[in-house]
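Q: Could you work out the structure for the sequence below:
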Amino acid sequence: YEYISKRNVKDFQHCRSKRTPASAAVYQIFMGVALVFVSANFLWLDYAKDLYGRITKSWKVDAATALTESKKKSKKSEDNEEESEIEVKEEKKKKDRPGFRDRKIIEYENRIRAYSTPDKIFRYFATLRVYTEQGESEIFMTPEDFLRSLTPGVKQPEGLGLDQYKKVEIKADAFHVPGKLEIDVQTADANKTVLTPNKESIFYKLGASGLIGFSEYMFLLTILSASKRHFEIAFRMFDLNGDGNVDHEEFDKVQTIIRSQTSVGLRHRDHSNTGNCYKFFGSALSTYFFGPNLDRKLTIEKFLEFQKQLQTEILTLEFQRKNPNAEGFIREVDFADLLLTYAGLSEKKHIKMLKRVKKIFKNSRGISLDDYLLFFHFLNDINDVDTALTFYHIAGASIDPATLKHVAKTVAHLDLSDHVIDVVFTLFDENLDGQLSNREFVAVMKERLHRGLEKPKDTGFVKLMDSVWKCARLKKPVLLDV
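A: So this is what the prediction gives:
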């Protein structure tokens, strides 16, 4: 028998596959189109329902407001005004909030304030280069520039920085004509809001223009760095005849010694290439204190009055920077922010303390300029206040608002308002138990009084290496003692 074997193998090797029937292709296309159409209908149905709900809701709201319009018209207008004010404030805050680039610039400028020499700080924050008809020029600060050079977190205007200034051309006698240079400066800043002191300001006693040169800048920093007590002692030391007055030579010794004891003075070096050399004689200050011929004498009372007036002027400029309302009040949170300006706290803790004040004093009356100045004059006696609060703490007595008010009246002879004391307690009372954390309060207030000028102007690395070298030189290896 002969067997014939057959193998039923389909699509062996590279045989061409059968085509899909035309009916199946038509069916698949039909189902795809139908699926797309149905899904689109569902989307349009949802959109139509949502649109219908919005329209009916607006009709209902319009009908309800039409029925109650006569009763709630006044209330609605007030609410709208409040909402618009809140929106404007929030928009302004968003605009004022610095971006990434601005934050990095502010951090860089804070390092300049903390670690740079007075010469570099002056050249960075000064904004005016004044040219005379002879082509000579000199760099000047405005009072606002001087305040900005002291205040951390305040950014220098765009286009101005180290050795970048606005040019102002004047006549040779413009410095001696009251208001002449001021008009030129305001013309240069026509599109910018400028904190301008009044005509009785201490800055106008430095010169008719109210501008600050490098010599005046160094002297003002010395006055702000040293305490009233230091100047009283120095005056008595150099008052050789005991009449309570000093002449220009004796005063030069006084301010030289005081400056050499401050952190600012220790960092200063005269730079002839930049023209920033300290020269007290021949400056506007020497003329103000001793007359044009330097033949008058200066009393300690007149000098301390000058120091007090300078502090008041700077505090007033700080107050104006917070944009007081029409009644002359700033918000409690702005007052608290001014207290913490030089504290050196972490950003997280700083924000936490301000939020506590903002939450409690949300719709309060605010802080007036008089209360603000009174509190900072109270800080002039912060060392005596620290001693008094320490006595209370050692005795086991709690430091409540009444105690702080009593200490202010007894030690500083000032009557602080209850509202200011409440704000201070809220700021430094972490657990809100009505008790003051006097150690942190005093530490922050001391930094606020001296505006951070007493801090060492270095990172501490040099002192660390010097200490390591001394220890290595004095100590012998242990193996040598055997």
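Q: so residue 156 touches residue 109, yeah?
A: Yes - using Cβ atoms under 8 Å, residue 156 is in contact with residue 109, at 6.2 Å. Heads up, the C-betas are built off the backbone N, CA and C, glycines and all.
Q: Would you point out the helix or strand in this structure whose mean pLDDT is lowest?
A: Lowest on mean pLDDT, DSSP states H and E among the helices and strands of the chain sits helix 180-188, with a mean of 47.
Q: if I look at residue 156 and residue 109, which residues touch both of them?
A: residue 124 (Cβ atoms under 8 Å, 6 or more residues apart in numbering).
Q: so the nearest residue to residue 379 once chain neighbours are set aside, which of the three states?
A: Leaving aside its sequence neighbours, residue 379 sits nearest to residue 449 (Cβ to Cβ, 6 or more residues apart in numbering; 4.6 Å). Following DSSP: H, G, I helix; E, B strand; the rest coil, the label given to residue 449 is helix.
Q: Quick check, pLDDT for residue 449.
A: Note on residue 449: pLDDT of 80.
Q: got a list of what it touches?
A: Residues near residue 449 by Cβ under 8 Å, 6+ apart: 376, 379, 380, 382.
Q: Okay, it and residue 293: tell me how far apart.
A: Note on residue 449: its distance to residue 293, by Cβ to Cβ, to the nearest Å, is 37 Å.
Q: got it, and residue 112?
A: Counting by Cβ to Cβ, the gap from residue 112 to residue 293 is 39 Å.
Q: So which of the two has more stuff around it?
A: Taking neighbours as other Cβ atoms under 10 Å, residue 112 and residue 293 compare with residue 112 leading, 17 against 8.
Q: which ones are touching that one?
A: Each residue near residue 112 by Cβ under 8 Å, 6+ apart is listed here: 120, 121, 124.
Q: cool, and residue 384?
A: If you count contacts by Cβ under 8 Å, 6+ apart, residue 384 has them with 411, 412.
Q: got the buried residues for the one helix or strand it maps to?
A: If you go by DSSP states H and E, residue 384 is part of helix 382-394. Buried residues in helix 382-394, counted by 16 or more other Cβ atoms under 10 Å: 382, 385, 386, 388, 389, 392.
Q: quick one: the residue found closest to residue 338 once you drop the neighbours it is linked to in the chain and residue 155, what's the gap?
A: What sits nearest to residue 338 in space, not counting adjacent residues and going by Cβ to Cβ, 6+ apart, is residue 318, at 6.1 Å. For residue 318, the distance to residue 155 equals 16 Å [Cβ to Cβ].
Q: cool, residue 415 as well?
A: 38 Å.
Q: So between these two, which is more surrounded?
A: Each of residue 415 and residue 155 has its neighbours counted (other Cβ under 10 Å); residue 155 has more, 13 against 10.
Q: Surely that one touches residue 109?
A: Yes - Residue 155 lies in contact with residue 109 (Cβ under 8 Å); the separation is 6.7 Å.
Q: you'd agree residue 228 is up against residue 380?
A: Yes - with contact defined as Cβ under 8 Å, residue 228 counts as touching residue 380 (6.7 Å).
Q: The two: which is more packed in?
A: residue 380 (18 against 15).
Q: Give the burial count for residue 441, as a bare number.
A: 22.
Q: Not counting sequence-adjacent ones, nearest residue to it?
A: Closest residue to residue 441 apart from its sequence neighbours, by Cβ to Cβ, 6+ apart: residue 428 at 4.8 Å.
Q: Might you report the residue contacts of the one you found?
A: Residue 428 is in contact with 353, 436, 437, 440, 441, 444, counting by Cβ under 8 Å, 6+ apart.
Q: Also residue 140?
A: Residue 140 makes contact with 126, 128, 129, 130, 209, 211, 212, 213, according to Cβ under 8 Å, 6+ apart.
Q: re earlier: from the contacts of residue 112, pick the one nearest residue 219.
A: residue 121 (14.6 Å; Cβ to Cβ).
Q: gap between the closest one and residue 440?
A: 29 Å.
Q: Give me the more crowded residue out of those two.
A: Just comparing residue 121 and residue 440: by other Cβ under 10 Å the higher neighbour count belongs to residue 121, 23 against 14.
Q: What does the pLDDT read for that one?
A: Note on residue 121: pLDDT of 91.
Q: I'd say it and residue 113 touch.
A: Yes - at 6.5 Å, residue 121 counts as touching residue 113 under the criterion of Cβ under 8 Å.
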